[in-house]
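Colleague: quick one: sequence and predicted model below, then my questions.
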Amino acid sequence: MGRMTQPTYTVPGLDLADAGTVIDALQMRLHALNDLHLTLKHIHWNVVGPNFVAVHEMLDPQIDDVRLMADAVAERIATLGGVPVGTPGALVAARTWEEYTLGKADAMTHLKALDAFLGTVIGGHREAVDATGDLDAVTEGIVLAQLEELEKYLWFVRAHLDR
Ligand SMILES: [Fe+2]
């Protein structure tokens with residue numbers, strides 16, 4: 001995707017066109033994180049079966065953390081002179097990944113689907129690290145720290161699936 005945003009001001013020392021590139025990368029991460037925390041809550045509500053308590057209770061702290069990640073990304077966009085977009089219609093119009101489709105299902109079925117969903121978010125975060133690293137080290141640091149947490153969540157998911 002080409003650069004679409006160019007702010008009228010940004011942080012000192014950053015080229016305006018480069019700021020636009022960073023903002024665009026961050027906006028897609030914001031959409032992904034907003035989708036993720038909503039989807040994690042959806043799973044929290046719909047998981048059933050023998051591992052209900054373990055999965056239901058695993059998810060709430062992750063949801064809180066992912067909301068904080070979205071907040072950090074949105075505020076970096078604003079700091080860079082951009083306009084963070086957090087509305088659901090914009091998210092659905094912009095996203096390049098599929099909606100999470102499972103409703104009520106047992107824990108293992110949800111965790112397999114979550115494995116794939118988290119994988120997509122993590123892949124996007126890695127691409128954002130690569131795309132922004134040479135332009136804005138602060139953004140790179142924010143996304144990199146989130147990547148570490150998201151990969152840990154993936155381990156939690158896979159630890160349930162591993163037998
Ligand atoms: Fe709850």
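Modeller: Cool, got the structure.
Colleague: just want the most central residue of this protein.
Modeller: Centroid-nearest residue in the chain, with Cα atoms, centre = their mean: L33, separated by 2.7 Å.
Colleague: could you point out which element follows the helix or strand it falls within?
Modeller: Using DSSP states H and E, L33 sits within helix 16-46. Using DSSP H and E, the helix or strand that follows helix 16-46 towards the C-terminus is strand 47-48.
Colleague: the next helix or strand after that following strand packs against which elements?
Modeller: Toward the C-terminal end, the helix or strand that comes next after strand 47-48 (DSSP H and E) is helix 52-79. When contacts are defined as 3 or more Cβ pairs under 8 Å, 6 or more residues apart in numbering; DSSP states H and E, helix 52-79 sits against helix 16-46, helix 107-132, helix 137-161. C-beta coordinates here come from the backbone N, C-alpha and C atoms, glycine included.
Colleague: just the ones you listed: most buried one?
Modeller: helix 16-46 (a mean of 21; mean count of other Cβ atoms under 10 Å).
Colleague: elements contacting it?
Modeller: Using 3+ Cβ pairs under 8 Å, 6+ apart: helix 16-46 touches helix 52-79, helix 88-94, helix 107-132, helix 137-161.
Colleague: columns distance to T5 and mean pLDDT on top of those, output as JSON lines?
Modeller: Shown next, in JSON lines, are the helices and strands packed on helix 16-46 (distance: least, Cβ to Cβ, whole Å; pLDDT from 0 to 100):
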{"stretch": "helix 52-79", "distance to T5": "9", "mean pLDDT": "97"}
{"stretch": "helix 88-94", "distance to T5": "12", "mean pLDDT": "97"}
{"stretch": "helix 107-132", "distance to T5": "13", "mean pLDDT": "97"}
{"stretch": "helix 137-161", "distance to T5": "14", "mean pLDDT": "96"}
